[in-house]
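A.B. asks: Sequence first, predicted model second:
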Amino acid sequence: MKELTIAMPKGRIFEEAVVMLKRAGYKLPPEFDDSRKLIIDVPEEKLRFILAKPMDVPTYVEHGVADLGIAGKDVMLEEERDVYELLDLEISRCYLAVAGLPNTTMNEVAPKIATKYPNVASSYFREQGEQVEIIKLNGSIEIAPIIGLTDRIVDIVSTGRTLKENGLVEYEHIVDITSRLIVNPVSYRIKHQRIQEMVDRLDEVISKETIR
Ligand SMILES: Nc1ncnc2c1ncn2[C@@H]1O[C@H](COP(=O)(O)OP(=O)(O)OP(=O)(O)O)[C@@H](O)[C@H]1O
Ligand SMILES: O=P(O)(O)OC[C@H]1O[C@H](OP(=O)(O)OP(=O)(O)O)[C@H](O)[C@@H]1O
C-alpha cells in the first residue's frame, strides 16, 4: 500500500477534519487532539500529516510534497493553484461578503477595500465594473472601515457576530464557502486506488450527515 501525505490546515478546520477522518475509520493517534507537532506520521494507516497554515495548503499540494490537502474554498479561489478538487467536505461553512459601516456609500473615486483575499476581491469588483483599490490585511479586517482606512471590507462571515459587534453591515454576498479535499494531479494518477478509497470513505461520512 502506497503512503499518502495529507496537508491539514491548522486552526478552525483542523478539528472538524479530524473528526471526519475518524468517522471514516482512520485510526489517528492522540497527537491529533493536543500537540505542537507539525508532521504526524501514522504508520498503521500509511498516512503522513503536515499541519500547515490554511492559506499554504494548496501550495504544498501543488508542489507535490503533499498528495492531498484540506482547504477552504476561499483559499482555493484566492490561491488558484494547479490542483484538483475531489470532494466538498461540507465543513467550516461560511461565506465571503462585502461589508462596511451602515448607511454609507463607497467613495466614487478609487474606493478602498480591505481584505485578506486581494485576488477574490479584485475579480469580484472587476466583474461588477467597479474600480477599487485593494488594501491587503492579514486579520481583524473589520477594523478597517471603522477607523477610516477603507470604504468596505471583503471578508468571511459565518454567524455574523463579528460584523454585528463591530457595528458593520453586510452589503453583498459574494460566494458560499466550505472546505474541500484537494489532490495533486500527478499523485491522483499514480496513487489513484489509495486516494479513491479515501474519497469513497469520506463521501460516505458526508452522505450520512446530510440528506442528499
Ligand atoms: N468564522 C468562520 N467560521 C467558519 N469557517 C471559517 C471562519 N473563518 C474562516 N473559516 C474557514 O476556515 C478556514 C481557516 O480559517 P482559520 O481562521 O482557521 O485560518 P486563517 O484565519 O486563514 O489562519 P490564520 O488566522 O492562522 O492566519 C478559512 O479558510 C475558511 O474556509
Ligand atoms: O461571522 P463570524 O462567526 O463572527 O465569523 C467571521 C469572522 O471569523 C473570521 O475571523 P477569525 O476569527 O479567523 O480572525 P481573523 O480576523 O484574525 O482572521 C473572519 O475573518 C471574520 O472576522
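C.D. replies: Right, received. Where do you want to start? Ligands and ions are numbered 1, 2, ... in the order given.

A.B. asks: Restrict the lengthiest helix in the chain to CA atoms and write it as CSV.
C.D. replies: Assignment by DSSP state H gives helix 192-209 as the longest helix of the chain. What follows is helix 192-209 as a C-alpha-only set of coordinates in CSV (Å, rounded to 0.1, in the frame of the first residue of the first chain):
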residue,chain,number,x,y,z
HIS,A,192,-5.3,6.6,-7.7
GLN,A,193,-6.6,3.5,-5.9
ARG,A,194,-5.4,4.6,-2.5
ILE,A,195,-6.8,8.1,-3.0
GLN,A,196,-10.1,6.9,-4.4
GLU,A,197,-10.6,4.7,-1.4
MET,A,198,-10.2,7.7,0.9
VAL,A,199,-12.6,9.7,-1.2
ASP,A,200,-15.2,7.0,-1.0
ARG,A,201,-14.8,6.6,2.8
LEU,A,202,-15.1,10.4,3.3
ASP,A,203,-18.0,10.6,0.9
GLU,A,204,-19.9,8.0,2.9
VAL,A,205,-19.4,10.1,6.1
ILE,A,206,-20.7,13.2,4.3
SER,A,207,-23.8,11.3,2.9
LYS,A,208,-24.6,10.0,6.4
GLU,A,209,-24.6,13.5,7.8
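
A.B. asks: list the buried ones in it?
C.D. replies: Judged by neighbour count using 16 or more other Cβ atoms under 10 Å, the buried positions of helix 192-209 are 194-195, 198-199, 202-203, 205-206. The C-beta positions use only the backbone N, C-alpha and C, and glycine is treated the same way.

A.B. asks: What average pLDDT does it get?
C.D. replies: Across helix 192-209, pLDDT averages out at 95.

A.B. asks: And that helix, how far out from the chain middle?
C.D. replies: In terms of Cα atoms, centre = their mean, to the nearest Å, the centre of helix 192-209 is set 20 Å apart from its chain centre.
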